[in-house]
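Trainee: Structure, please.
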Amino acid sequence: MGRLKKSKVDKSPFKLRQRQLADGRISLFIDHIHDGKHSYEFLKLYLQPETSEKIRRENNRTARLADDILKKRMEAYIEKEADKLSESSLTETPLSDFIDVLIAEKERKNHRTKQFVTVKGNLQMFRPDTRMCDIDKGYCIDYADWLKHTCISRLGKPLAPQTAFNYFWHLGIILSNALRMGYIRHNPWCRLDSGDKIREPERLHRFLTLDEVRILEETPCRHELVKRAFLFSCFCGLRISDVLNIRWSDICSNNGLTYASIIMKKTSRPISIPLTSKALHWLPEKNDDSPKIFGGLPSETQINKHLKKWVSEAGISGNIHYHVSRHTYGTMLMTAGVDLYTASKLMGHSDIRATQVYSQIIDKKKQEAVSLIDNVF
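Mentor: Residues are numbered from 1 along each chain as shown. Modelled structure (predicted):
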């Protein structure tokens, strides 16, 4: 039966519950506790008796949908509680305290928070004791200037352009959330001109060539499951967050093709990817003790450490981390002549401009190849 995730919100006023029906189905509903009284929201979502693998997959998707609704109810509750606070108390809130609130909210949604923790420390170095009411257009412009010309990294060097860009744009994300949650009444970020903002430096994504992929296939890795997971992603494009959570029940066959049907963790968008024979080849043997396909993988940090050792032993240079597998898949699609629209759907991009990056990489490689011919002659 599809499993309901246990809410990680301590003392949450919302609980996802279930009730057995006479026909064998299980009805899912939300129990809202307010002032000691219970009110119920019946979701019209049902878990079916699991008589087949198809029904099991449907139950898993239904359980995830119910959990998403629960999270939305909690988010609306948080916003409502924020609105109850007076405007003066909100604007006097220290910036660092609001970032703590934002981090806690993202942790409840199982989102990554490491970057926000880093930016919080960076903003405290810029101007300690900043309050929400102190942040205006001038503050944002001064912060951009400080990042570009004054801020020093832990190694005692000026910030790399990409790092300065990331820090600056995270301030924009923080302010957007502050407006949404009622901690500020106007977002000064919206008053910035394009010249006031730090622009993202142009960069080319690192990807593996087909020859490099073949070399890695032939090179042993000290952690076999890391090798399988990485090469699996090279041939299907799944992010590490999705690979860590993909289950055997997410793999299905239809009309002779095998698909991975998941809800992407980063975007919460459902996606169904046809798996090539290469991708299927690198799936591990099914373990009945674990519903997750790659359940034995270590943490993401440890995965990247194993990758670096493996890539180094294979004689491949460059900074290779797990996300390179997704870039490799994207460039494979472009090299094979897949159109942008189809490629964007296969990669789960909501904006086709994200897919165009891979097309630009291929175009640049073609230009370099032509230049090499010119140089020879």
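
Trainee: Please count neighbours and contacts with C-alpha atoms only from this point.
Mentor: OK.

Trainee: got the buried residues for the biggest helix by length in the chain?
Mentor: Identified as the longest helix of the chain according to DSSP state H is helix 53-84. Using 16 or more other C-alpha atoms under 10 Å as the test for burial, helix 53-84 gives 55-67, 70-71, 74-75, 82.

Trainee: Quick check: phi and psi on L208?
Mentor: Backbone torsions of L208, given as degrees, to the nearest 10, read phi -100, psi 140.

Trainee: And for it, nearest residue in space, chain neighbours not counted?
Mentor: Spatial nearest neighbour of L208, excluding adjacent residues (C-alpha to C-alpha, 6 or more residues apart in numbering): T328 at 5.4 Å.

Trainee: With I33 instead?
Mentor: Nearest residue to I33, sequence neighbours excluded (C-alpha to C-alpha, 6+ apart): P13, at 5.0 Å.

Trainee: same thing with F294?
Mentor: Per C-alpha to C-alpha, 6+ apart, closest to F294 is L244, 6.1 Å.

Trainee: Now do the same contact list for the residue nearest to L208.
Mentor: F207, L208, T209, C234, G237 (C-alpha atoms under 8 Å, 6 or more residues apart in numbering).

Trainee: Recalculate using a threshold of 7 Å.
Mentor: Counting by C-alpha atoms under 7 Å, 6 or more residues apart in numbering, T328 makes contact with F207, L208, C234.

Trainee: do you know how far the last one is from A279?
Mentor: I take that to be C234. Noted for C234: a distance of 8 Å to A279, by C-alpha to C-alpha, to the nearest Å.

Trainee: quick one: the longest strand seen in the chain to chain centroid distance?
Mentor: Using DSSP state E to define each element, the chain has its longest strand at strand 37-47. Chain-centre distance of strand 37-47: 29 Å, with C-alpha atoms, centre = their mean, to the nearest Å.

Trainee: Could you do stretch 312-323 as well?
Mentor: 22 Å.

Trainee: List the buried residues of it.
Mentor: So for stretch 312-323, counting by 16+ other C-alpha under 10 Å, buried means A314, I316, I320, H321, Y322, H323.

Trainee: per-domain residue ranges of this structure.
Mentor: 14-84, 93-196, 210-370 (automatic domain parsing).

Trainee: Skip the chain neighbours and tell me the closest residue to G318.
Mentor: If the residues on either side of it in the chain are set aside, G318 comes closest to R206, at 8.0 Å by C-alpha to C-alpha, 6+ apart.
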